[in-house]
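*Asks:* using only what follows, build the 3D model:
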Amino acid sequence: MGTLKELAFSDISELFHRGVSVFRPDDLVSKVLGVLESSGRYEAVVSSGSSVGLITVRDALAVDQPSQTKVDRVWRATGGISPEAMVVDVADSLVKKGVRALPVVAGGEVVGIFSQVDLIEALEEVQELDGVPVKELMSAPVLSTEGDRGIANARRLMLERNISHLPVVEGGSLVGVVTAESIVHSFITSASRTTTGHRVGERASRFSGRVSGIMDSTPCTLDAGASALDAVLSLKEMGKGACIITGESGNILGISTPKELIRPLLKFRAEEELPVYIIGLSDEDFFERAVAEEKVRRVVSKSLRFRPDITEVSMRIKRSQSRGNRTRYELTARAISATGQINAEASGWGLLEVVDEVSDSLG
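*Replies:* Okay, the predicted model is just below:
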């Protein structure tokens, strides 16, 4: 693809991965893990009647007994996409649904899978990314751990924070990265091959050891002056799932994964006004409603660069008491995203001042 725009408006027919294994909800997780480990993929397709979806390495991270757990307990129905779907529409769906891949369906049958990694491979040919600083596409701050911390602790952090990469630091400098894949395939996948004398699901023994023992000691790293194209090429060349952006002293500035690096494609999607709902004001409060809505919309619009999966924002206003000509207001704001919701609260005697406070908190 010559330009970012040409890639955005092309279809995925030549980009998606064909010949994938398709699992059923009653298959065992251990069966899926065996295929994921041998293929080097992060996700697998699940089909159940008219529904299709995914089971990922990250899903398997929460499984203690893979040889006794069915896919039905951990897979997620995502729906499918057509082989003729435009890249920009699929990129938008990946972000809004909070997933790394989607099944490709034609004629009611699964014919492949399209992932962020497939998009990264296509972005290798887009030279204009050389003019985009990678620091504009990184997520920060970054949660990290230390090499002498337990593997069980790293697993817990990944499950709690919904992440798959955890940088490892010593003295504030990056020394490696521990991934969901390394934990799953070192402990959970191996649990399905338990030998005589061991018990499947024996959590303490399977997650014993230190992070330094399974971390990747040669992670993908770039300095803040690198370009987005540098990150794309480095991920492909090294076969990594994330690139850590570091400062001069080796300190971590941010992290760029395929999720962040596909963001430039999203500028070509059709603009839709984000729904903002103000609840609790009467028809006579037209001015206050308009001002409150504009304040919230302005804050959220700025945040969409970092959280493009936000789909709706609401603010509930409650009059709690009056004192003379003054009224006390209690405000609760909520931003809905594919991975959950973000809440903010504020209260006070001036409505617009409280709107400012809750908007700042939400931002």
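*Asks:* and the helices in the stretch 201-350 of the chain?
*Replies:* 203-206, 228-238, 258-261, 286-303 (DSSP state H, counting those that start in this stretch).
*Asks:* could I get the average pLDDT for the first one?
*Replies:* I take that to be helix 203-206. Summarised as a single mean, pLDDT over helix 203-206 is 48.
*Asks:* for Pro103, see how far away the residue lying closest to Glu170 once chain neighbours are set aside is.
*Replies:* With sequence-adjacent residues excluded and distances taken as Cβ to Cβ, 6 or more residues apart in numbering, Glu170 is closest to Gly147, at 6.0 Å. Yep, even glycine has a C-beta here, placed from its N, CA and C like the rest. Here the distance between Gly147 and Pro103 works out to 38 Å (Cβ to Cβ, to the nearest Å).
*Asks:* more neighbours: the two, which one.
*Replies:* Neighbour count, other Cβ atoms under 10 Å: between Gly147 and Pro103, Pro103 has more, with 24 against 16.
*Asks:* quick revisit: so which of the helices of the stretch 201-350 of the chain is the most packed in?
*Replies:* Highest mean neighbour count of those: helix 258-261, a mean of 22 (counted as mean count of other Cβ atoms under 10 Å).
*Asks:* ok, and what's touching that one?
*Replies:* Applying Cβ atoms under 8 Å, 6 or more residues apart in numbering, the contact partners of helix 258-261 are 94-95, 100, 115-117, 119-120, 123, 137-139, 228, 231-232, 235, 241.
*Asks:* got it, and stretch 31-45?
*Replies:* Defining contact as Cβ under 8 Å, 6+ apart, one finds that stretch 31-45 is touched by 20-23, 52-58, 60, 66, 71, 100-101, 103, 110, 113, 115, 117, 164, 181, 184-185, 188-189, 192, 241.
*Asks:* let's see 7 Å
*Replies:* With contacts defined as Cβ atoms under 7 Å, 6 or more residues apart in numbering, stretch 31-45 is touched by 20-23, 52, 54-57, 60, 66, 71, 100-101, 103, 110, 113, 115, 184-185, 188-189, 192.
*Asks:* what's the answer for stretch 301-314, then?
*Replies:* The contact list for stretch 301-314 (Cβ under 7 Å, 6+ apart) reads 95-96, 98, 266, 274-277, 279, 296, 300, 333-339, 363.
*Asks:* of those residues, select the buried ones using a PyMOL command.
*Replies:* The PyMOL command for the buried members of the contacts of stretch 301-314 (criterion: 16 or more other Cβ atoms under 10 Å) is given here:
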select buried, resi 95+266+276+296+300+333+334+335+337+338
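*Asks:* who's in contact with the residue nearest to Glu170?
*Replies:* Taking Cβ under 7 Å, 6+ apart, we find Gly147 in contact with 168, 170, 175, 210-212, 215.
*Asks:* again, but for Leu174
*Replies:* By Cβ under 7 Å, 6+ apart, the neighbours of Leu174 are 167, 221, 244, 246, 250, 252.
*Asks:* quick one, what contacts the closest residue to the last one other than its chain neighbours?
*Replies:* So the one you mean is Ile252. With Cβ to Cβ, 6+ apart as the criterion, Ile252 has its nearest non-adjacent residue at 5.2 Å, and that residue is Val142. By Cβ under 7 Å, 6+ apart, the contact set of Val142 is 167, 252, 254-255.
*Asks:* pick the one among those closest to Thr78.
*Replies:* Nearest to Thr78 out of the contacts of Val142 is Ile255 (Cβ to Cβ; 24.0 Å).
*Asks:* tally up the residues packed near that closest one, please.
*Replies:* Residues near Ile255, counting by other Cβ under 10 Å, number 24.
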